[in-house]
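>>> Next comes the sequence, and after it the predicted model I'd like to discuss.
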Amino acid sequence: MAAKGTVVIDKERCKGCGVCIVACPKSVLALAKNVNGKGYNYSEATIDECIGCASCAMVCPDGVITVYKAK
Amino acid sequence: MFNQDIVKPENLVYKRTDVLTDNVMHYCPGCGHGTTHRIIAEVIEEMGIQDKAICVAPVGCSVLAYNYFEVDSLGAAHGRAPALATAIQRLNPDHHVFTYQGDGDLAAIGTAETIHACNRGENIVIIFINNGIYGMTGGQMAPTTLIGMKTATTPYGRNVELNGYPLQITELLAQLPGTYFVTRQSVHTAAAVRKTKKAVRQAFENQKNKKGTSFVEVVSNCNSGWKMPAPKANEWMVENMFAKYPIGDIKVDGELVQK
Amino acid sequence: MAKELKLMKGNEAIAEAAIRSGCDGYFGYPITPQSEVMEHLMAEKPWEKTGMVVLQAESETSSINMVYGGAGVGKKVMTSSSSPGISLMQEGLTYLAGAELPAIVVNVVRGGPGLGTIQPSQADYFQATKGGGHGDYQLFVLAPATVQEMYDFVFLGWEIAFKYRNPVMILSDGAIGQVMEKLYVGDYVPRWTEEELRKNAPWASFGKPADRKHHIITSLELDSAKQEQHNHKLQAKYREMEEKEVRFEAINCDDADYIFVAYGSSARIAEKAMQLGKEKGYKIGILRLITLFPFPKKKIAELSTKVKGMLAVEMSAGQMVEDVRLAAEFRCPVEHFGRYGGIIHTPQEVLEGLEEKIIKRK
C-alpha cells in the first residue's frame, strides 16, 4: 500500500537533534550525510512510508517539520 | 522528498504556528524548551488570545523566550517573574499573563515570589521547566538536581550532607489554597506533547474563568548539561527524573488528586 | 482646579496624591517610618473610587518587581519604602532604569547603615543619586521639604517619569513622612483609559494588536556594541534632564556672603539658622535643592564666585557636600555640617557649624 503522508523539513533550521527519528513509528527519518549552513546533519525522510501521523512534528523543538496527509 | 503531490494546503496536518516568531531559537539541539514554547504558542493561537497574552520571561536558558513568542513580553530579573505577572494581571484582569521559568529561577532565587503569587491565588499561568540543572551558566546544581547527579558544582554527585535534597516545589505549591491546577508533564514523546498541550490549554482556560493560579511543570532534558545526545537524554530523564518527579496531575479544579 | 484644605502626615499625602493623580497601582511592603502610605491607601479603598490596585507584597524585592511589571505594560505604578527596604529594591531599580520604565519610588529615609534606626536621616543621598544598583544609570530624584511637596511631587513625578521613560525617586525622610501639616489637595485626575495608555506609553507591552510586531520590555542586550549604544542613549537622556529639569529654590542668595546648601528637612532647619544668623549680622542665603539629580551644578558654580563660603547641611556624614564641592570647583570653601544616625540637627547647631567651619575658618 502506498504511503499517504509526507513531511517537509526546513533543513536550514533543523539542528539534527534526532528526537524526531526516535518518535517516528515507521522509521522514516534519519540524519542526512550532508550538513546544513549551521553545520548540523539535518533530519530527512529516507523511505516512502510516512503515514502523516505528525509524531515527528510534535516532538520537534524547533518546529521545522510540516506534515501533510492525503485525505 | 517523497509524495510531493500531497503537499497541498488541504492536506496539511501540522505546521509551525504563527504565534512563534521566525527567529531561530538559541536552544541546544533537542532541548525541551523549544517544544514547550511551541505548545504554549499553539494554545494561544487556538484560543485566539494573542492580543491579550503577555509573556514574562525569566533569567536562565529561556531568558530570550520573548524573542520567540509573537506576543507582548517582559524580561524579569532572576526569579521575579511571578511578581511582574501578579501586577500585570491585576492591572489587566482580562489578559492572559503567563510566566515561563526554569528550576533555578522558580525554585531557588524566586522561591518567595513563586510561593506568594501561588498563595495569593494570582490568576496567572506559570510554566515551569525542570531539567535539574542550571543550563545557561554552564551546568551547575539546581534545587531540583537529583541526589548523586554530577554537575559543575557537584562534580562528585549531589550529596545530601553538602547540598541538601532535591526540591519538589510543585508538590509544595499544590498544598497552597491559591493554586487551582497543578500538573507535571513532559515533552519527550508525541503522546507526552499532546498531554502537555492539553494541560497548558487547561491552564489558560482556568485563567479565562478566573480560577486562580495554574501551574504546569514540564520535566525536561538538558542535553548539554547532562552531557548526552538528545534521544539518550530523554531516556535518562524517563529512568531517573520521572522517579523523583512523577508525571501526572497533582491538583485539578482546586482539589488534590495525588497525596 | 478646586482646592481642598487638609491636615495630613507626609506619608498620607503621598497616598492621597497617588489616588488623586490617576495612579493605576501601588505595591508595597510595610517598614517604619513610611507604613502610613499603604495604610492610608488600604483605608481609602481606591479600587472602589478610581479602580486603582493596591497590594501588599511579600517583600520589597517583590513590590519593586510588581512595579516593573506594571510599568512595563504602561501603567502608572508606584511603591514606597524606607532605607533598608530601598536597599532591597536596588535590583529592581537598575532593571527599571535599564528597561527605561517610568515609575515612582518613594524613600522615606531613616538612619543607617544596616537596620540602623527608625529616626529621620538623609544618608541615602549617594544611593539615590549615584545609581544605587549596578551599571551606569540615574534615577530622577525629587526632594520634598513639606507635606505639600510630598503631595505635589507625585504629580510632577508622573510627568517626568513618562516624559523621560525613567524611574523617579521621591527622596523624603522620616521627619517629613511623619509630620502633620496642612496641605491643599486638588480634584481627582482620572486614570488613563486604554486609549490614553496606548497614546502615552506606545512602547509598552500591553498586549499585541494584530497590526504590529510584539513589544519586548527588557534590560538585556547580549551584543555589547548594541548595549553601548543603549548606554549612550541613557546618558543623552540624563544630560537632557540636567539641561532642562534642574529645580531649586534660592532664598536670599543675591547678596549673601554665605550659603547653606540643603534639601528636605535640613533646608527647613537651615532656614531657621539663617534667621538666627541674621540677628548676629551674617548675610546668609539658602540654596534649597528640589532635584538632587539633576543637580544644580550651574547655580552652585555661579554662587561660588560670589560668596565667602558654602555649608552643605545634611543629615549624613557628608554626601551631598561632595557634589557641591565638585560644582564649586574650589572657588570658595565648601564644608559639611550635619548630625546623623537618626539625630536631627538644631538651627543653633547649624549656625555654629557655619561659624566654626566657614566664618572663623583660618
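Great, that's in hand.

>>> The residue in the stretch 101-250 of chain C that chain A sits nearest to: how many residues sit nearby?
Closest contact between the stretch 101-250 of chain C and chain A, by Cβ to the nearest Cβ, is at C:His214 (17.0 Å). C-beta: built from backbone N, CA, C; applies to glycine. For C:His214, the neighbour count with other Cβ atoms under 10 Å in any protein chain shown is 21.

>>> remind me, longest strand of chain A?
strand A:29-35 (DSSP state E).

>>> Which helix or which strand is home to C:Leu55?
strand C:53-56 (DSSP states H and E).

>>> can you give me the offset of that strand from its chain's centre?
22 Å (Cα atoms, centre = their mean, to the nearest Å).

>>> can you check stretch A:44-51 too?
For stretch A:44-51, the distance to the chain centre is 8 Å (Cα atoms, centre = their mean).

>>> Run a quick neighbour tally on residue 31.
Unless you meant another one, I'm taking chain A. 18.

>>> wrong chain, I was asking about chain C
So C:Ile31, with other Cβ under 10 Å, has 20 neighbours.

>>> Next, it: secondary structure please.
Here C:Ile31 is coil, with the state taken from DSSP: H, G, I helix; E, B strand; the rest coil.

>>> tell me the secondary structure for the spatially closest residue to C:Ala97 that is not a sequence neighbour?
Nearest residue to C:Ala97, sequence neighbours excluded (Cβ to Cβ, 6 or more residues apart in numbering or on different chains): C:Tyr137, at 3.7 Å. Secondary structure state of C:Tyr137, per three-state DSSP, is coil.

>>> quick one, what contacts C:Tyr137?
C:Thr94, C:Ala97, C:Gly98, C:Gly131, C:Leu234 (Cβ atoms under 8 Å, 6 or more residues apart in numbering or on different chains).

>>> quick check, the longest strand of chain A touching chain B?
No - interface with chain B: strand A:29-35 contributes nothing (Cβ under 8 Å from any Cβ of the partner chain), its closest point being 10.9 Å away.

>>> For that strand, enumerate the helices and strands it packs against.
Applying 3 or more Cβ pairs under 8 Å, 6 or more residues apart in numbering or on different chains; DSSP states H and E, one finds that strand A:29-35 contacts helix A:19-23, strand A:41-45.

>>> Which stretch among these approaches B:Asn119 most closely?
helix A:19-23 (36.8 Å; Cβ to Cβ).

>>> Show me which residues of that closest one are buried.
A:Val19, A:Cys20, A:Ile21, A:Val22, A:Ala23 (16 or more other Cβ atoms under 10 Å in any protein chain shown).

>>> okay if I get these as CSV plus pLDDT and distance to C:Ser121?
Shown next, in CSV, are the buried residues of helix A:19-23 (pLDDT from 0 to 100; distance: Cβ to Cβ, whole Å):
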residue, pLDDT, distance to C:Ser121
A:Val19, 97, 59
A:Cys20, 97, 63
A:Ile21, 97, 66
A:Val22, 96, 64
A:Ala23, 97, 64
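
>>> Tell me the gap between the longest helix seen in chain B and the middle of its chain.
In chain B, assigned by DSSP state H, the helix with the most residues is helix B:190-208. Relative to its chain's centre, helix B:190-208 lies at 11 Å (Cα atoms, centre = their mean).

>>> and if you look at stretch B:208-216?
Mean C-alpha position of stretch B:208-216 versus that of the full chain (Cα atoms, centre = their mean) differs by 15 Å.

>>> do the same with stretch C:116-123
Distance, centroid of stretch C:116-123 to centroid of chain: 16 Å (Cα atoms, centre = their mean).

>>> A:Ile51: neighbour count?
16.

>>> and B:Ala190, what does it touch?
Contacts for B:Ala190 were tallied using Cβ under 8 Å, 6+ apart; they are A:Ala23, A:Cys53, A:Ala54, A:Ser55, A:Cys56, A:Met58, A:Val59.

>>> Low-confidence ranges, the stretch 151-259 of chain B, go.
Flagging of the stretch 151-259 of chain B using pLDDT under 70 yields the residue ranges B:259.

>>> residues touching the most far-flung residue of chain C relative to its centre, list them.
Within chain C, the residue lying farthest from the chain centre (Cα atoms, centre = their mean) is C:Ala210, at 39.4 Å. Taking Cβ under 8 Å, 6+ apart, we find C:Ala210 in contact with B:Gln50, B:Asp51.

>>> How about C:Tyr95?
Counting by Cβ under 8 Å, 6+ apart, C:Tyr95 has contacts B:Ala77, C:Tyr68, C:Gly133, C:Ser219.

>>> Helix, strand, or coil at the first one?
Yep, that's B:Ala77 we're talking about. Quick answer, by three-state DSSP: B:Ala77 is coil.

>>> Extract the CA atoms of stretch C:172-187 and return them as CSV.
Extracted C-alpha coordinates of stretch C:172-187, given in CSV (Å, rounded to 0.1, in the frame of the first residue of the first chain):
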residue,chain,number,x,y,z
SER,C,172,12.0,62.2,51.7
ASP,C,173,12.9,61.5,55.3
GLY,C,174,11.3,60.2,58.4
ALA,C,175,10.5,63.8,59.6
ILE,C,176,8.6,64.8,56.5
GLY,C,177,6.9,61.5,56.3
GLN,C,178,5.6,61.7,59.9
VAL,C,179,5.0,65.4,60.4
MET,C,180,1.4,66.6,60.1
GLU,C,181,0.9,69.8,58.1
LYS,C,182,-1.8,71.5,56.2
LEU,C,183,-1.9,70.9,52.5
TYR,C,184,-4.1,71.6,49.6
VAL,C,185,-5.4,68.7,47.5
GLY,C,186,-6.9,69.1,44.1
ASP,C,187,-9.6,67.3,42.1
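
>>> Which of the residues in that stretch are classified as buried?
Applying 16+ other Cβ under 10 Å to stretch C:172-187 flags C:Ser172, C:Asp173, C:Gly174, C:Ala175, C:Ile176, C:Gly177, C:Gln178, C:Val179, C:Leu183, C:Val185 as buried.

>>> wait, is the first one part of a strand?
Yes - secondary structure assignment (three-state DSSP) places C:Ser172 inside a strand.

>>> May I see the buried residues of stretch C:172-187 organised as TSV, with pLDDT and distance to B:Val193 added?
Listed next are the buried residues of stretch C:172-187 as TSV, based on pLDDT from 0 to 100; distance: Cβ to Cβ, whole Å:
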residue	pLDDT	distance to B:Val193
C:Ser172	98	54
C:Asp173	97	57
C:Gly174	97	57
C:Ala175	97	61
C:Ile176	98	59
C:Gly177	98	55
C:Gln178	98	59
C:Val179	98	62
C:Leu183	97	61
C:Val185	97	58
